[in-house]
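Engineer: Dropping the sequence and predicted coords here.
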Amino acid sequence: MNISFWFARKYFYSKKVRNVINLIARVSQIGITVGTMALVVVLSVFNGFEDVILSLYNSFDPSIRITPAEGKFFEVDSQRIEAIKQMDGVVYLTPVIEENALIKYKDNQTIATLKAINEEYFTHSGIDSMMIVGHAKLKTDKAYYSIPGSGVASKLGLSFFGFDEFLQIYYPQKGSPSSFVLNPNKAFRQKSIAMSGIFQVQQDFDEKFILIPLEFGQKLIGNTQYTSLDILLEDDDKMSSTKNKIADLLGPDYIVKDRFELHKWLYNIMKSEKLMVYLILSFILLIAGFNLIGSLLMLTLEKKKDMMILRSMGGEESLIRRIFFYEGLLLSITSAIGGIVLGLIFCFLQMKFGIIRISQGSTFILDAYPVSFRLMDFVWVFITVVILGFLSSYLPARAAWKNLSIKDLSK
């Protein structure tokens, strides 16, 4: 065994509980362990919230969306659509129309975004599992149906409805405003549609959208084209490569965005918040590292006589430095492993029993704080603690050699 590591291990496992220096070292070790545990737990909770939020957005957003580079409505030729459908990993492709319209129900009215889709959109997107009232149905052989978000339903006062209740939809006509002055009724194209249910996904969607059949939407706006093509992939890990293939196929006349680019601001905010939490907790670990420096410096003074004996026996400067350097690394590495293990145990308990709950009365969809693990989080936490341990050990290791003199042996 390396003699430097042997001495460091001996000092690390010292049983002199009456030694104040050893006590301070243990306190420093506990501080690093607790800081590491807090870092693991907080990052895992952030991951949990990220997964929840993204799952809500992903149930409504496609993996890839195609829109025109100019204008609002467009149409892709059937050959290109078929080529996209044949790409590896593409589950489905569906045209979508999104247009704002005035929605009226009895004496209530609001502006909402009509999202005209095919019924297969429900099966693949997961919106059918987000229904809080009624059923995920857009049409039958005899009628069309709409599904408003819970926020839109609240604005319209849709506390109860049946198939005999209808929404009045007013879509603005295209044309010269002066032509509508003489006959205001021509300013809007109006249609009625029954309701089959209410969905609830996320506030941004619930207060904005009403789902309607694609055919009904085309009749309402008087246009057989669409505003986007939505594509769902079997594996989102291939999203970037598939997006590039589609962009090359369609050319510069179309804009192709993946799910992350559709809500780029959201992903940037989540990453920034997680980074700030990581830096703040790393700063707390840095403070614990100063305690480690102090305890190691005191250890070098206590073991000065031992080091003089080693020096008189021919021990070189590098040997003595490595002893205290390895001592600091042992303290930091064991603290990192202990903190990660304790953090994992706490996270598993939180996942199983929901120990820490979200405050009562909250409208959030979860009762307890969610937890999710990322392998790279554990890697970075371990690397952070080890680097802090490396830096905290360097100064005491250099100080251990200074002022060593043979005369000290007589003291």
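Structural biologist: Sure, I can see it. Residues are numbered from 1 along each chain as shown.

Engineer: what number of residues lie near Met270?
Structural biologist: Residues near Met270, counting by other C-beta atoms under 10 Å, number 17. For glycine as for every other residue, the C-beta is placed from the backbone atoms N, C-alpha and C.

Engineer: what residues are up against the nearest residue to it once chain neighbours are set aside?
Structural biologist: Once flanking residues are discounted, Met270 sits nearest to Glu50: 5.3 Å by C-beta to C-beta, 6 or more residues apart in numbering. Contacts for Glu50 (C-beta atoms under 8 Å, 6 or more residues apart in numbering) come out as Met270, Lys274, Ser372.

Engineer: I'd like the next helix or strand past the helix or strand where Thr94 lies.
Structural biologist: Secondary structure assigned from DSSP states H and E places Thr94 in strand 90-105. Downstream of strand 90-105, the next assigned helix or strand under DSSP H and E is strand 108-117.

Engineer: From the contact counts, what lies against that next one?
Structural biologist: If you count contacts as 3 or more C-beta pairs under 8 Å, 6 or more residues apart in numbering; DSSP states H and E, strand 108-117 packs onto strand 90-105, helix 150-156, strand 209-213, helix 214-221.

Engineer: mind listing the strands in the stretch 101-250 of the chain by residue range?
Structural biologist: With DSSP state E, counting those that start in this stretch as the criterion, the stretch 101-250 of the chain has strands at 108-117, 131-134, 145-148, 166-172, 188-195, 197-199, 209-213, 228-233.

Engineer: of all those strands, which lies closest to Met87?
Structural biologist: strand 228-233 (8.9 Å; C-beta to C-beta).

Engineer: Quick one: low-confidence residue ranges for the stretch 151-300 of the chain.
Structural biologist: Applying pLDDT under 70 to the stretch 151-300 of the chain flags the ranges 159-164, 174-186.

Engineer: Which among the helices and strands packed on strand 108-117 is found nearest to Ile356?
Structural biologist: helix 150-156 (27.6 Å).

Engineer: packing partners for that closest one?
Structural biologist: strand 90-105, strand 108-117, strand 197-199, helix 203-206.

Engineer: Pick the most deeply packed of the ones you listed.
Structural biologist: Ranked by mean neighbour count, these are led by strand 197-199 with a mean of 23 (mean count of other C-beta atoms under 10 Å).

Engineer: Run through who's touching that one.
Structural biologist: Applying C-beta under 8 Å, 6+ apart, the external contacts of strand 197-199 come out as 127, 130-137, 147-150, 153, 158, 206, 211.

Engineer: Give me the neighbour count for His135.
Structural biologist: Neighbour count for His135, taken as other C-beta under 10 Å: 10.

Engineer: which stretch among the helices and strands packed on strand 108-117 comes nearest Phe60?
Structural biologist: Closest to Phe60 of the helices and strands packed on strand 108-117 is strand 209-213 (C-beta to C-beta; 8.0 Å).

Engineer: how much distance is there from the closest one to the middle of the chain?
Structural biologist: Put simply, strand 209-213 sits 28 Å off its chain's centre (C-alpha atoms, centre = their mean, to the nearest Å).

Engineer: Export only the CA atoms of that strand, formatted as CSV.
Structural biologist: Output of strand 209-213 as CSV, limited to C-alpha atoms (Å, rounded to 0.1, in the frame of the first residue of the first chain):
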residue,chain,number,x,y,z
PHE,A,209,-58.0,26.6,-26.9
ILE,A,210,-61.2,25.0,-28.1
LEU,A,211,-60.7,21.7,-30.0
ILE,A,212,-62.9,21.3,-33.1
PRO,A,213,-63.0,18.8,-36.0
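
Engineer: Give the pairing partners of it; include direction for each.
Structural biologist: strand 108-117 (parallel), strand 145-148 (antiparallel) (DSSP bridges).

Engineer: List the buried residues for it?
Structural biologist: Buried residues in strand 209-213, defined by neighbour count with 16 or more other C-beta atoms under 10 Å: Phe209, Ile210, Leu211, Ile212, Pro213.

Engineer: just stretch 380-388 next, same as before
Structural biologist: Val381, Phe382, Thr384, Val385, Leu388.

Engineer: just to revisit the earlier point, nearest to Met37, of the strands of the stretch 101-250 of the chain?
Structural biologist: Closest to Met37 of those is strand 228-233 (C-beta to C-beta; 37.3 Å).

Engineer: Tell me what angle that closest one forms with strand 90-105.
Structural biologist: Counting by axes from the mean of the first three to the mean of the last three C-alpha atoms, to 10 degrees, strand 228-233 points 130 degrees away from the direction of strand 90-105.

Engineer: Give me the helices and strands touching strand 228-233, please.
Structural biologist: Here strand 228-233 touches strand 64-68, helix 78-85, strand 90-105, helix 120-125, helix 239-250, going by 3+ C-beta pairs under 8 Å, 6+ apart.

Engineer: Now do it: everything it contacts.
Structural biologist: Contact with strand 228-233 is made by 62-67, 76, 81, 84, 89-96, 98, 121, 124-125, 239, 242, 246, as judged by C-beta under 8 Å, 6+ apart.

Engineer: Could you verify my assumption that Val96 touches Thr113?
Structural biologist: No: shown here, Val96 and Thr113 do not form a contact pair, counting by C-beta atoms under 8 Å, at 11.2 Å.
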